[in-house]
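Trainee: give the three-dimensional model of this entry:
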Amino acid sequence: MLSRVAETLYWFGRYIERAENTARLVSVNTNLMLDLPGSMAPGWGPLITLLGADAEYAERHPEVTELRVVNFLLSDAEHPSSIISTLEAARENLRTVREVLPREAWELINDLHHRALEVLRPNIARHDRHAALTTVILGTQALTGLLAGTMNHDIGYQFLNIGRKIERADMTTRIVDMRWENPLPEAASESDLSPFDNVLWMTILKSLSAYQMYRQSRQVRINRPDILAFLFQSMHFPRALAYCVEAIIVDLNEFPNNVLPLEAARALRHHLLSSKVAKMPDKTLHGFIDGLQLEIAKLHTLIAETYFLAPPEMIQSQTQTA
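Mentor: Sure thing, here's the model as predicted:
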């Protein structure tokens, strides 16, 4: 497979997953605004911070408001990580490699892109937001399901799948980190905080479509230690970090020249599974998540350098041959 095609499929997988998870992040925050008392409800600034877009947002917006942030994350065509922009990028990537994908995938991404443009209109009202975000989430899931069921599971599909899993692992850490970015008031007593803390963790589970699977797997009520263990270390739940990393390792095992990326993926798995994440206080957990995000970024870089970015001597050789 050509390096160009492999990279395009990898980024197609990442863009589709990013659109879905951005919708999930906005859904988390919207639900918390409705479920928590006004004094404890989260702001909208933390979402910009979690997605690493503080500088870009500040350049274009004088203040942080719900409407401005939602527009920025959902419908802003100038913001490269907005849902509209990522779906447009996914559509463009798929267009350039249509010959290696089922025709139905091209039709589905076109339909999803057009529907997203309709429902994710600027200044969308809060009461319309849930239906619009659900349209994006279900649309991306339909696309990934179609590809899983109709595309050859060859090296092209493996690159696409690795892109999805890297993006999903990264975005799951960001969704969990909502707990750190939206701390509950320290002045309240533990008994006062407990019900609201439970609401927050339940919202995080539901935003990842994890609530029922958590209850089935753990067979316990909502509690922070079990939720953290489930979302970080479960080898059975598809959105858990350990599951994503293991899936990446399985695919990388099939690739040539895989020593460096495979070593990084295995180190990430060891770090993840050997940690006592369930017992970490919030501040320690926040630092742990930052470390995981750096390791995920390193894994992406090694994959790109190994399979996508040709070294100078190869470029020179190709030029001379041409």
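Trainee: every contact and neighbour count from this point should use C-alpha atoms.
Mentor: OK.
Trainee: contacts for stretch 105-112?
Mentor: By Cα atoms under 8 Å, 6 or more residues apart in numbering, the residues outside stretch 105-112 that reach it are Leu87, Ala90, Arg91, Leu94, Arg95, Arg98, Val136, Gly139, Thr140, Leu143, Leu146, Leu147.
Trainee: just the buried ones from those residues?
Mentor: Leu87, Ala90, Arg91, Leu94, Val136, Gly139, Thr140, Leu143, Leu147 (16 or more other Cα atoms under 10 Å).
Trainee: out of those residues, which sit inside helices?
Mentor: Among the buried ones among the contacts of stretch 105-112, DSSP state H puts Leu87, Ala90, Arg91, Leu94, Val136, Gly139, Thr140, Leu143, Leu147 in helices.
Trainee: is Thr226 in contact with Arg218, as I believe?
Mentor: In this structure residue 226 is Asp, not Thr. Yes - at 7.2 Å, Asp226 counts as touching Arg218 under the criterion of Cα atoms under 8 Å.
Trainee: more neighbours: which of those two?
Mentor: Between Asp226 and Arg218, counting by other Cα atoms under 10 Å, Asp226 is the more crowded of the two (20 against 14).
Trainee: residues contacting the more buried one?
Mentor: Arg218, Ala278.
Trainee: for whichever helix or strand Ala131 is part of, packing partners?
Mentor: Assigned by DSSP states H and E, Ala131 belongs to helix 126-150. With contacts taken as 3 or more Cα pairs under 8 Å, 6 or more residues apart in numbering; DSSP states H and E, helix 126-150 sits against helix 3-35, helix 103-119.
Trainee: contacting residues for Met171?
Mentor: Counted by Cα under 8 Å, 6+ apart, Met171 has contacts Arg18, Asn21.
Trainee: re the thing from before, pick out the shakiest of the helices and strands packed on helix 126-150, pLDDT-wise.
Mentor: Here the lowest mean pLDDT among these goes to helix 3-35, at a mean of 90.
Trainee: buried residues in the following helix or strand past that one?
Mentor: Remark: after helix 3-35, the chain's next helix or strand is helix 45-50, criterion DSSP H and E. Buried residues in helix 45-50, counted by 16+ other Cα under 10 Å: Gly45, Pro46, Leu47, Ile48, Leu50.
Trainee: just list what helix 45-50 packs against, helices and strands only.
Mentor: Counting by 3+ Cα pairs under 8 Å, 6+ apart, helix 45-50 packs on helix 178-181.
Trainee: now do the same for the helix it packs on: mean pLDDT, whole number.
Mentor: For helix 178-181, the per-residue pLDDT averages 64.
Trainee: ok, stretch 240-258 next?
Mentor: Mean per-residue pLDDT for stretch 240-258: 96.
Trainee: for stretch 219-226, same thing?
Mentor: 86.
Trainee: now the end-to-end length of it.
Mentor: 10 Å (Cα to Cα, to the nearest Å).
Trainee: again with stretch 32-45
Mentor: 14 Å.
Trainee: only the buried residues of stretch 209-216, if you could.
Mentor: Going by neighbour count (16+ other Cα under 10 Å), the buried part of stretch 209-216 is Ala210, Tyr211, Tyr214.
Trainee: lowest-confidence entry in the contacts of stretch 105-112?
Mentor: Arg98 (90).
Trainee: can you tell me what sits against stretch 269-287?
Mentor: So stretch 269-287 is contacted by 177, 179-180, 224-229, 232-233, 242, 245-246, 292 (Cα under 8 Å, 6+ apart).
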